[in-house]
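K.L.:
Please work out how this folds:
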Amino acid sequence: MPMPAEFTELAKRVNNWGRWGKDDQIGTMNLVTDDVVKAAAACVKTGKRFSLAVELREDGIQNGMIPGRDNPKLTTFLVNHEVFGPGTVATSDDAVTMGIQAGTHWDGFTHATYEDRLYNGFSAKETVTAENGAVNLGIERIKTLVTRGVLLDVAGAKGVERLEPMYAVTPEDLEAAEEFGNVKVRAGDIVLVRTGQITVYFGGDRDNYFFSPGLSVRCPEWFHARDVAAVANDTVTFEVFPPEIEDCFMAVHALHLVEMGMLQGQNWNLEELAADCKADGVYEFLLDASPQPFVGGVGSPVNPIAIK
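P.N.:
The predicted structure is shown next:
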């Protein structure tokens, strides 16, 4: 079934295919230039550091709703093993199995597709296989992601601890959050959108964490117009559910990943950072959110570090 006309028109307006050449595989990462990074480094004033990741744990965010997206299971397979004989130095080793998107993560360009489309004209059927993962557009192609981060605290701007379930964050909300934080999004930024929803998970209500607010289908145009490099938020769905365009599920995923070639992140813990931004009035920072180089990966876990 073809995508609705409303979606197709949005896709045309945000499409970046060919913008950085027909062979490009890193999309909006091209916006993170040396000059952008030098300017971002100037945001560091105090040296304070904030991890924006949730803990990787077996009783983590995933509740079984998405088959195979399992919480991390850590196995210690060597315990104080004296490798070179009795009385020598002993070592312990461990292994982990998990869904790459189980916790705090980036969605890569191959995470979503429609009508056999992937960013820059790659065919989904030819690109992603069970045997090899993503032979093009894999997450390993994004070697580093260090740039200015901007917190758009939508919940804070509205004077609430968290937005209501199924609330659609609009471009107007993003602009209100800019004004609230006295900050302007600029080219090459990573935008972090705080809804407060992660507090539901931290409160122990894992199931209701999935019934969350999220970005409106109108937001991709706003990010595109400002040449944003990547976007992340503190929800599991990223975009609002149910969809605003009837029967057009994961429309924001498709617009960001397929049409724009822009990473999007979920399950980011923005609470401590937001509290500090509120205290000192500074909503910009240097952000290192480089993905793990899984060859062929359609996404990656990440421990984003904001430095103020």
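
K.L.:
Now do stretch 164-183: distance from first to last residue.
P.N.:
For stretch 164-183, the first and last residues are 25 Å from each other (C-alpha to C-alpha, to the nearest Å).

K.L.:
For that stretch, buried residues please.
P.N.:
165, 167-171, 173-174, 176-178, 180-181, 183 (16 or more other C-beta atoms under 10 Å). (C-beta placed from N, C-alpha, C; glycine too.)

K.L.:
Check for me that residue 10 belongs to a helix.
P.N.:
Yes: per DSSP: H, G, I helix; E, B strand; the rest coil, residue 10 lies within a helix segment.

K.L.:
Identify the residue nearest it in space, chain neighbours excluded?
P.N.:
For residue 10, ignoring the flanking residues on the chain, the nearest one in space by C-beta to C-beta, 6 or more residues apart in numbering is residue 255 at 6.1 Å.

K.L.:
Look up how far residue 207 lies from that neighbour.
P.N.:
28 Å (C-beta to C-beta, to the nearest Å).

K.L.:
Now that residue 211 has come up, it's in contact with residue 167, right?
P.N.:
No: at 10.9 Å, residue 211 does not count as touching residue 167 under the criterion of C-beta atoms under 8 Å.

K.L.:
Helices along the stretch 201-308 of the chain, start to end?
P.N.:
For the stretch 201-308 of the chain, helices defined by DSSP state H, counting those that start in this stretch occupy the ranges 206-209, 219-225, 251-253, 271-280.

K.L.:
Show me the contact partners of the third one.
P.N.:
Pointing back at helix 251-253 there. For helix 251-253, the surrounding residues in contact (C-beta atoms under 8 Å, 6 or more residues apart in numbering) are 7, 10, 107, 111-112, 214-217, 219-220, 238-239, 243-245, 264.

K.L.:
ok, now with 7 Å
P.N.:
Here helix 251-253 makes contact (C-beta atoms under 7 Å, 6 or more residues apart in numbering) with 7, 107, 112, 215, 217, 219-220, 238-239, 243, 245.

K.L.:
what do you get for stretch 28-46?
P.N.:
Applying C-beta under 7 Å, 6+ apart, the contact partners of stretch 28-46 are 16, 20, 142, 145-148, 187-188, 227, 229-230, 260-262, 284-286, 307-308.

K.L.:
In space, what's closest to residue 187 - neighbours in sequence excluded?
P.N.:
residue 227 (3.7 Å).

K.L.:
and that neighbour, how many neighbours does it have?
P.N.:
17 (other C-beta atoms under 10 Å).

K.L.:
so how far is residue 20 from it?
P.N.:
12 Å.

K.L.:
likewise residue 66?
P.N.:
According to C-beta to C-beta, residue 66 and residue 20 sit 32 Å apart.
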